[in-house]
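Novice: this is a predicted model, with the sequence first.
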Amino acid sequence: MKIAVVIARVLLGLVFVVFGLNTFFHFIPQQPIPGDAGTLSMLMFQHGWFSFYSVLYIVGGILLLVGRYVPLGLLLLAPILVNILLFHITLAPAGIGPGLVCTVLEIFLIYAYWPAFASILHSHAERY
């Protein structure tokens with residue numbers, strides 16, 4: 001189980017670091033996205049949303065790669081993965097594969113690090 005957790009953590013971390021850095025350095029060629037998905041992407045790029053998301057990609061990915069504060073990295077990346085899945089489900093269903101793979105890795109890692117998340121789901125948390 002420990003080896004599977006390390007592999008999933010490194011794979012997910014690499015995906016997010018590479019694609020986060022790609023927004024700033026453009027080393028992976030991008031084809032124009034047709035239709036409404038392209039319009040939404042262009043608006044997000046022009047108004048700086050992709051830069052903000054990319055910083056979160058990089059920070060979350062680095063936390064997973066380093067192995068420190070992994071639950072925080074997973075917490076940062078979870079809403080981004082939900083956004084990726086919703087984007088592909090509603091606007092561009094053909095490219096949903098990588099998002100599903102990353103979501104499965106995320107869910108597996110949340111399961112593996114469940115004790116770190118269990119306390120935030122209690123209805124009566126302790127006060128400090």
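Specialist: Received the coordinates, thanks.
Novice: residues contacting residue 71?
Specialist: 113, 116-117 (Cβ atoms under 8 Å, 6 or more residues apart in numbering). No exception for glycine: its C-beta is placed from N, CA and C like everyone else's.
Novice: what is the longest helix seen in the chain packed up against?
Specialist: When the chain is parsed with DSSP state H, its longest helix is helix 2-25. For helix 2-25, the packing partners by 3 or more Cβ pairs under 8 Å, 6 or more residues apart in numbering; DSSP states H and E come out as helix 49-66, helix 70-90, helix 97-112.
Novice: residue 11 is nearest to which of those helices?
Specialist: When the helices and strands packed on helix 2-25 are compared by Cβ to Cβ, helix 97-112 sits nearest residue 11, at 6.1 Å.
Novice: what's the very next helix or strand once past the closest one in contact with?
Specialist: Under the assignment DSSP states H and E, the closest C-terminal helix or strand after helix 97-112 is helix 114-118. If you take Cβ under 8 Å, 6+ apart as the criterion, helix 114-118 is touched by 70-71, 110.
Novice: redo the residues you listed as a markdown table? Include distance to residue 101.
Specialist: Output for these, formatted as a markdown table (distance: Cβ to Cβ, whole Å):
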| residue | distance to residue 101 |
| --- | --- |
| 70 | 19 |
| 71 | 21 |
| 110 | 15 |
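Novice: nearest the geometric middle of this protein, what residue?
Specialist: residue 77 (3.7 Å; Cα atoms, centre = their mean).
Novice: in this structure that residue contacts residue 13, no?
Specialist: No: assessed by Cβ atoms under 8 Å, residue 77 is found out of contact with residue 13, at 9.2 Å.
Novice: list residues touching both of the two?
Specialist: Taking Cβ under 8 Å, 6+ apart as the contact rule, the neighbours common to residue 77 and residue 13 are 60-61, 64.
Novice: what's near enough to touch the spatially closest residue to residue 51 that is not a sequence neighbour?
Specialist: Nearest residue to residue 51 in three dimensions, chain neighbours excluded: residue 23, at 6.6 Å (Cβ to Cβ, 6 or more residues apart in numbering). Shown in contact with residue 23 (Cβ under 8 Å, 6+ apart): 50-51, 53-54, 57.
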